[in-house]
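[1] Compute the structure for the input listed below.
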Amino acid sequence: MQNLMANNSHSNTSGRNIFGIFCLLITAFLLISWAARPAEYVLLNTIPIKGKTLTTDMLNNAYVITQANMVERYDTAGNLTGRFGEQRYGKLHSVDATSPFNLLLFYKNSATMVTADNRMNPKHYFKLSSLGITDVSAACLSEDNYIWFFDKNESRLKKINNEYEVVRQSVQINQMLGSDIDPNFMIERDGIIYVNDPNLGVLLFDRFGTYYNSFFYSGLNSFQVVNDRLVYPQGKELCVYNYMQADLQKVPLPQVGNMRSVQLQGDRLYILTPNDLQVYGKR
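    Modelled structure (predicted):
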């Protein structure tokens with residue numbers, strides 16, 4: 001029975017990974033297509049919501065951190081499909097929806113992370129102050145469903161498992177670079193951890209926490225990583241930056257005032273404004 005359960009678990013994980021790769025390939029194909037020629041957008045849905053920031057998952061769900069310090073999930077039809085609100089840990093800093101089956105919610109001020117399932121019910125709480133870690137500037141989900149975070153006091157990238165054990169960590173970054181860094185955003189894609197400092201640039205680490213590269217690209221608050229390209233909004237355009245070739249392409253965005261956050265996912269474009277979430281498709 002245990003072997004059967006293990007085989008089923010492995011099969012489910014493999015299925016999710018294959019589906020995730022399929023969704024990533026679709027997004028990459030559409031990204032290249034949209035960058036190759038001006039895109040024509042069709043507004044599909046407008047969802048009234050007062051949100052601060054936005055992210056998406058491989059199932060085309062949109063997650064909005066609201067002014068009320070909650071995260072709400074919407075499908076492409078505009079239906080509210082989930083809500084998570086936890087006020088005792090302070091301000092919700094970010095949501096990592098890399099896996100829609102294992103969300104990561106990061107409360108920066110209290111150095112606390114919460115993982116939630118696909119019904120947005122809490123699974124695990126990680127209060128890092130119990131380990132003496134009190135200043136965490138950024139966090140993200142690892143590809144094996146553990147957690148990467150940046151310990152600002154030690155200036156190290158660290159990885160923690162569900163038993164509160166630090167299983168990976170980098171060298172002290174400030175000593176290596178000769179200056180302090182203050183990351184505000186992290187994400188892991190294809191075995192690479194991207195650590196963003198708006199004033200310094202983007203640092204790259206491998207899946208073992210070993211630093212191996214960086215590039216100066218200041219001013220970014222967050223970005224998507226699609227097929228080794230950084231995707232982020234700038235003004236009225238969606239920027240697609242190939243950091244390996246230092247090549248920047250720009251795609252016109254719909255004329256929407258005061259865009260707070262933009263996400264490209266599959267065949268959908270999501271734009272968050274102070275008063276609504278707009279979902280677009282390509283004509």
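[2] what residues does whichever strand or helix holds Val95 touch?
    Val95 belongs to strand 94-96 when assigned by DSSP states H and E. With contacts defined as Cβ atoms under 8 Å, 6 or more residues apart in numbering, strand 94-96 is touched by 53, 55, 63, 65, 71, 103-106, 108, 138-141, 185, 187, 222. Just so you know, the C-beta spots here come from the backbone N, C-alpha and C atoms, and that holds for glycine as well.
[3] among the helices and strands of the protein, which has the poorest mean pLDDT?
    helix 2-36 (a mean of 48; mean pLDDT, DSSP states H and E).
[4] So for the helix or strand that that one is followed by, mean pLDDT?
    For helix 2-36, the following helix or strand on the C-terminal side (DSSP H and E) is strand 41-48. Averaged over strand 41-48, pLDDT sits at 94.
[5] now for the following helix or strand past strand 41-48, which elements pack on it?
    Reading on from strand 41-48 to the C-terminus, the next helix or strand found by DSSP H and E is strand 51-56. If you count contacts as 3 or more Cβ pairs under 8 Å, 6 or more residues apart in numbering; DSSP states H and E, strand 51-56 packs onto strand 62-66, strand 94-96, strand 261-265, strand 268-272.
[6] I'd like the next helix or strand past the second one.
    Translated: strand 94-96. strand 103-107.
[7] Sheet partners, orientation included, of that next one?
    strand 94-96 (antiparallel), strand 112-116 (antiparallel) (DSSP bridges).
[8] export those to CSV and tack on distance to Pro198?
    Shown next, in CSV, are these (distance: least, Cβ to Cβ, whole Å):
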stretch, distance to Pro198
strand 94-96, 14
strand 112-116, 22
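[9] Read off the pLDDT value for Ala217.
    Heads up, residue 217 is Tyr, not Ala. 79.
[10] Quick check: it touching Gly201?
    Yes. Under the criterion of Cβ atoms under 8 Å, Tyr217 makes contact with Gly201 at 5.0 Å.
[11] Now do the strands in the stretch 51-200 of the chain.
    Secondary structure of the stretch 51-200 of the chain (DSSP state E, counting those that start in this stretch): strands at 51-56, 62-66, 70-74, 80-85, 94-96, 103-107, 112-116, 122-127, 136-141, 147-151, 156-160, 166-169, 185-189, 192-197.
[12] Those strands into TSV, with extra columns for mean pLDDT?
    Formatted as TSV, the strands of the stretch 51-200 of the chain follow (pLDDT from 0 to 100):
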stretch	mean pLDDT
strand 51-56	97
strand 62-66	98
strand 70-74	97
strand 80-85	96
strand 94-96	97
strand 103-107	98
strand 112-116	97
strand 122-127	95
strand 136-141	98
strand 147-151	98
strand 156-160	98
strand 166-169	96
strand 185-189	97
strand 192-197	97
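[13] measure the residue nearest the centre of the chain to Asn45 for me?
    In the chain, the residue lying closest to the centroid (Cα atoms, centre = their mean) is Asp96, at 4.3 Å. For Asp96, the distance to Asn45 (Cβ to Cβ, to the nearest Å) stands at 24 Å.
[14] same deal with Ile173?
    Look at Ile173 and Asn45: by Cβ to Cβ, they are 42 Å apart.
[15] neighbour count winner among those two?
    Comparing Ile173 with Asn45 by other Cβ atoms under 10 Å, the one with more neighbours is Ile173, at 24 against 19.
[16] What is the end-to-end distance of stretch 148-159?
    Terminal residues of stretch 148-159 lie 4 Å apart, using Cα to Cα, to the nearest Å.
[17] With stretch 102-121 instead?
    10 Å.
[18] and what of stretch 53-65?
    With Cα to Cα applied, stretch 53-65 spans 5 Å between its terminal residues.
[19] What residues does Asp190 make contact with?
    Asp190 makes contacts with Asp228, as judged by Cβ under 8 Å, 6+ apart.
[20] pLDDT score assigned to it?
    Asp190 carries a pLDDT value of 94.
[21] And it, how far from Gly82?
    Using Cβ to Cβ, we find Asp190 at a distance of 27 Å from Gly82.
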